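I would like the atomic coordinates for the input below:
(chains A and B)
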Amino acid sequence: MDSTLKDLYQEVILDHNKQPRNFHKMENPSHHADGHNPLCGDQISVFLKMEGDRIADISFEGSGCAISKASSSLMTTLVKGKTQNEANALFEGFHKMVTGSVGDPLPENIGKLAVFSGVCEFPARVKCASLAWHTLKAALSGKKNEVTTE
Amino acid sequence: MKQTLPTSHSLELSTTTFDVEKIRKDFPVLHQKVRGNPLVYFDNAASSQKPIQVIDAISNYYREDHANIHRGVHTLSQRATEKFEAAREKIRAYFNANEAREIIFVRGATEAINLVAQTFGRKNVKAGDEILISYLEHHSNIVPWQMLCEEKGAVLKVIPMNEKGELILPEFEKLLSDKTKLLAITHVSNALGTVNPIRWMIQKAHALGVPVLVDGAQAVPHMRVDFQALDCDFYALSGHKLFGPTGIGVLYGKEKYLDEMPPWQGGGDMIRTVSFEKSTFNELPYKFEAGTPDISGAIGLGAAIDYLTKIDLNAALKHEHEVLEYATARLSQIPGIKFIGTAREKLGLISFELEMVHPHDIGTILDESGVAIRTGHHCAMPIMKFFNVPATARASFAFYNTKQEVEVMVRALECVKQLFG
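Numbering: from 1, shown residues only, chains lettered A, B, ... in the order given. Just a heads-up that it's a prediction; the model follows:
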């Protein structure tokens, strides 16, 4: 299969799509937000249990394409246990990577999120990859309105 | 669930005597590579490609004839005016309207429908009246009527459909009432390909004195439409779906309706006289054509009509339908494929789902093979909701597509299945 497609649909992404982690509704979350990509129908709800500044637990529900589901799943595994600031830093790095150009150096501390580096070659899919993070940000800030990628 | 093959179908690659390769030479955009692979353009329902004759007509107009139209006494203005009005007459003749003044140039089908809603609609619809549309409509034939109903306190009624994507006609007959002020109905569904029995529906509506607006955006590329035979009161179409340029479309209206409708946009050309006390309005069609029109767009659409008149359109449409049937048969052989929209009468497109794979992912992977399809809600969210899907993948055809191209898509879909296991 073509290498650019392989760049996008890496094993990790396909795995997280098939078996998303932390994929369930949370009982009594302390924070919650909904996100929606009206262009393609991706929908997500992110649930948080905050302990002070720390994300003690996180889960998500929703339906969408492989990129959005894998991005949501991977995000939950990475931000669980992190502080708000740490989670925001991860988001900044992720956003820079997916909206950058091919061949850009990867952001520091990007870690496992590097699997999404291929998304920048498919501009139409950037919103799919970012939806989970925008929704997480909204949940952390306690915003009431649904997040949309439009 | 596997679909059964149509029994009368043959899976040969060869087709009618239509020389598709010769026709394809007329369309420059088709001869390119996308991500290293030959382009397979299966997104015609979103917009069609243009033959060189249309591209040249527009380009030559700007090279040789451009000037503003209608009031210039100089030569270029007269030439531009002649070409513009000649395009209007070509459209009249092609669709068999009675008069050229029944052909109004607009930006596209969406604008045509909004024009009728805001003039005919505003004048004739009162609180408690009903506008009848169908479940199959594109947003452009839903939202203008919703907005009108909200403004006037009128009621929007919707003809239901079955799981095949066919309108339930006995329900349609029940919904027609003495409160119905207009039936606004699609000729061919852009999401499902369903062909509605328009002529019959118009007869039923007329029996109760209900005028009918037909959204023909998806119909005119796939069939020859005759306004007299249909007896439609309004017909909306978009030039860019009919092998013409973007930015131009047509509203056809019977003179008796257009005459009574108040003007729409105010400005130059649609007036006869202007003073600060009062202005008087121009006759048809200019009453509804304020400002400098898309002159090159109209000329381009005229050139598209010329092209369709020049080729053997019957053979072309027959070939296109064979490609559709071939694609349906080949796709139905892929395990996990589900067709959305299986009406007995369909034209031009296939909407489908693939088990375990979101349409968005199908689209990206097909794009990698050079295959352009559309994935999403196709501006038909009610239809998506009815079938309980967030989106579908849609392959839509024109007479320049081939069975070989279908094979490329089938192979790419098999790649998708492999990737997602």
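
How about the closest residue to chain A within the stretch 51-200 of chain B, nearest residue that isn't a chain neighbour?
Residue nearest to chain A within the stretch 51-200 of chain B: B:His139 (12.0 Å; CB to the nearest CB). C-beta here means a position set from N, CA and C on the backbone, and glycine is covered the same way. Spatial nearest neighbour of B:His139, chain neighbours left out: B:Cys379 (4.4 Å); criterion: CB to CB, 6 or more residues apart in numbering or on different chains.

for that neighbour, helix, strand, or coil?
coil (DSSP: H, G, I helix; E, B strand; the rest coil).

just to revisit the earlier point, per-residue confidence for the residue of the stretch 51-200 of chain B closest to chain A?
pLDDT for B:His139: 97.

next one: B:Met1
With respect to pLDDT, B:Met1 has a value of 36.

what's the spacing between B:Gly376 and chain A?
Distance, B:Gly376 to chain A, using CB to the nearest CB, to the nearest Å: 6 Å.

Isn't that residue up against B:Ala391?
Yes. B:Gly376 is within contact range of B:Ala391, at 4.9 Å (criterion: CB atoms under 8 Å).

Show me which residues of chain A are close to chain B?
A:1-2, A:4-5, A:8-9, A:14, A:17-18, A:39-43, A:63-67, A:122, A:124-125, A:128 (CB under 8 Å from any CB of the partner chain).

quick one, which of B:Gly376 and B:Ala391 is more surrounded?
With neighbours defined as other CB atoms under 10 Å in any protein chain shown, B:Gly376 and B:Ala391 compare such that B:Ala391 has more, 25 against 22.

The residue in the stretch 201-350 of chain B positioned nearest to chain A: what's its closest spatial neighbour, skipping adjacent residues?
When scored by CB to the nearest CB, the stretch 201-350 of chain B has B:Ile340 as its residue closest to chain A, at 13.5 Å. In this structure, B:Ile340 finds its nearest non-sequential neighbour in B:Ser351, 4.3 Å apart by CB to CB, 6+ apart.

three-state assignment of that neighbour?
Three-state call for B:Ser351 (three-state DSSP): strand.

List the beta-bridge partners for it.
Beta-bridge partners for B:Ser351, by DSSP bridges, are B:Ile340, B:Arg394.

Run through the residues that contact it.
B:Ser351 sits next to B:191-193, B:339-341, B:378, B:392-394 when contact means CB atoms under 8 Å, 6 or more residues apart in numbering or on different chains.

try it again with 10 Å
The neighbourhood of B:Ser351, defined by CB atoms under 10 Å, 6 or more residues apart in numbering or on different chains, consists of B:45, B:165, B:189-193, B:338-342, B:359, B:373-374, B:378, B:380, B:383-384, B:387, B:389, B:391-396.

can you count the residues close to the residue of the stretch 301-421 of chain B found nearest chain A?
Going by CB to the nearest CB, chain A is nearest to B:Pro390 of the stretch 301-421 of chain B, at 3.0 Å. For B:Pro390, the count of nearby residues is 20 (other CB under 10 Å).

which stretches of the stretch 251-400 of chain B form helices?
Ranges of helices in the stretch 251-400 of chain B, per DSSP state H, counting those that start in this stretch, are B:255-260, B:295-310, B:313-332, B:359-368, B:381-386.

ditto for chain A
Ranges of helices in chain A, per DSSP state H, are A:3-8, A:11-18, A:66-79, A:84-98, A:126-141.

For the shortest one, which helices and strands make contact with it?
With contacts taken as 3 or more CB pairs under 10 Å, 6 or more residues apart in numbering or on different chains; DSSP states H and E, helix A:3-8 sits against helix B:359-368, helix B:403-420.

what's in contact with that helix?
Helix A:3-8 is contacted from outside by A:2, A:66-67, A:102, A:115-122, A:125, A:129, B:35-36, B:361, B:364-365, B:367-369, B:415, B:419, using CB under 10 Å, 6+ apart.

Which of these are buried, as a PyMOL select command?
Only the buried entries of the contacts of helix A:3-8 go into this PyMOL selection, using 16 or more other CB atoms under 10 Å in any protein chain shown:
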select buried, (chain A and resi 66+67+115+116+117+118+119+120+122+125+129) or (chain B and resi 361+364+365+367+368+369+415+419)
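
Now do the contacts for the closest residue to chain B within chain A.
Closest residue of chain A to chain B, CB to the nearest CB: A:Gly41 (3.0 Å). Residues in contact with A:Gly41 (CB under 10 Å, 6+ apart) are A:63-65, A:68, B:358-360, B:375-377, B:381, B:384, B:389-392.
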